[in-house]
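Participant: Predicted model and sequence below, questions to follow.
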Amino acid sequence: MPKLGCSGWFILLIILAGVVSLFRSQPWTIFVAIGLVIWGIYAIFRMRDRNQKGFTNGLLDQAKLLEAWAANGSSNQSTFDLADGEKFIFQLSGIQLAEYTSSGSTYSGSNLGVSVPVFGRVRANVGGSRGSLTRNPAALQVIDTGTVAFTSERVIFTGSQQTRVWTFSKILSQTLGPNGISIAISVANKSTTSTLIQPNAALLGPGLVYGIAYDAHKEGFAEAKKTAILYAKQLRDGVANKVN
């Protein structure tokens, strides 16, 4: 039996609260209330099924894109000059760039050193001190949204405010997110790890395209096509397992 989920139970509890209130004032309305509860449960399951179907269809569309690339290559064209031997792989739009940055500083107010009466003529003098600024700890934050181009030699992010170029030969580590929805990249010449994120889980993520481009760099285009087909199979298998 499908689960309601937290939001589903919350909505159901609201409906039940309304039923109790209605029944207390007008007992005969219990039949209407029961109908509302049944309708509410049906609506919740219908909404969950629609969302799940949209997600699984999105995964299948991703598999088709990867299979099409393996068969024909990308239909996108690079908007920048390629180096000798560099090959264009794919381009994604609407990708978020996230990096570890501080949200600012926290100010601790100053003490003016006010003289406070204790009893009679005796006064206690509170020593003064200056205020201070403390830098907040860095946290992963989205700093821009833009287009990411993948080639056999590099990854290029172009946003409205930020531009990043990661050359495969300088990359120290990469961490792939679930279903390739994100990829975290650390390079030798930059202390901050950058993360590319697809905000819509139903669309092709930068992590999968990164894996294909990296294999094209390390092993060649033939191996990159095998990787694309493997990713497509894993997506299809994941959908099949959810359905079954």
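Facilitator: In hand now; what should we look at? What you see is a predicted model, and the numbers here were worked out from it, not measured in a lab.
Participant: Now do the same contact list for Val142.
Facilitator: With contact set as C-beta atoms under 8 Å, 6 or more residues apart in numbering, Val142 has these partners: Gln96, Leu97, Ala98, Ile197. No exception for glycine: its C-beta is placed from N, CA and C like everyone else's.
Participant: Quick one: the strands in this structure, in order.
Facilitator: Taking DSSP state E as the test, the strands found in the chain are 88-102, 105-108, 115-119, 122-125, 132-135, 138-151, 154-159, 163-167, 171-176, 182-187, 194-197.
Participant: Please convert these to a markdown table, extending it with mean pLDDT and distance to Ala68.
Facilitator: What follows is the strands of the chain, written out as a markdown table (pLDDT from 0 to 100; distance: least, C-beta to C-beta, whole Å):
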| stretch | mean pLDDT | distance to Ala68 |
| --- | --- | --- |
| strand 88-102 | 90 | 11 |
| strand 105-108 | 56 | 49 |
| strand 115-119 | 53 | 77 |
| strand 122-125 | 51 | 79 |
| strand 132-135 | 60 | 48 |
| strand 138-151 | 91 | 16 |
| strand 154-159 | 95 | 21 |
| strand 163-167 | 93 | 25 |
| strand 171-176 | 90 | 22 |
| strand 182-187 | 92 | 21 |
| strand 194-197 | 94 | 22 |
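Participant: need the contact list for the residue nearest to Glu86 when sequence neighbours are not counted.
Facilitator: Spatial nearest neighbour of Glu86, chain neighbours left out: Glu153 (4.6 Å); criterion: C-beta to C-beta, 6 or more residues apart in numbering. For Glu153, the contacting residues are Ala83, Gly85, Glu86, Thr167, Phe168, Ser169, His217, by C-beta under 8 Å, 6+ apart.
Participant: Please report which of those has the highest neighbour count.
Facilitator: Highest neighbour count within the contacts of Glu153, by other C-beta atoms under 10 Å: His217, with 21 neighbours.
Participant: so it makes contact with Trp166?
Facilitator: No - His217 lies out of contact with Trp166 (C-beta atoms under 8 Å); the separation is 11.4 Å.
Participant: shouldn't Ala138 be in contact with Ser191?
Facilitator: No - the pair formed by Ala138 and Ser191 falls short of the contact definition of C-beta under 8 Å, at 10.8 Å.
Participant: between those two, who's got more neighbours?
Facilitator: Ranked by neighbour count (other C-beta under 10 Å), Ala138 and Ser191 place Ala138 first, with 12 against 7.
Participant: Go through the strands of the chain and name the closest to Asn72.
Facilitator: For Asn72, the closest of the strands of the chain is strand 88-102, at 12.2 Å, according to C-beta to C-beta.
Participant: Direction included, what does that closest one pair against?
Facilitator: Using DSSP bridges, the strands paired with strand 88-102 are strand 138-151 (antiparallel), strand 194-197 (antiparallel).
Participant: what's the most buried one of those strands?
Facilitator: The highest mean neighbour count among these, using mean count of other C-beta atoms under 10 Å, belongs to strand 194-197: a mean of 21.
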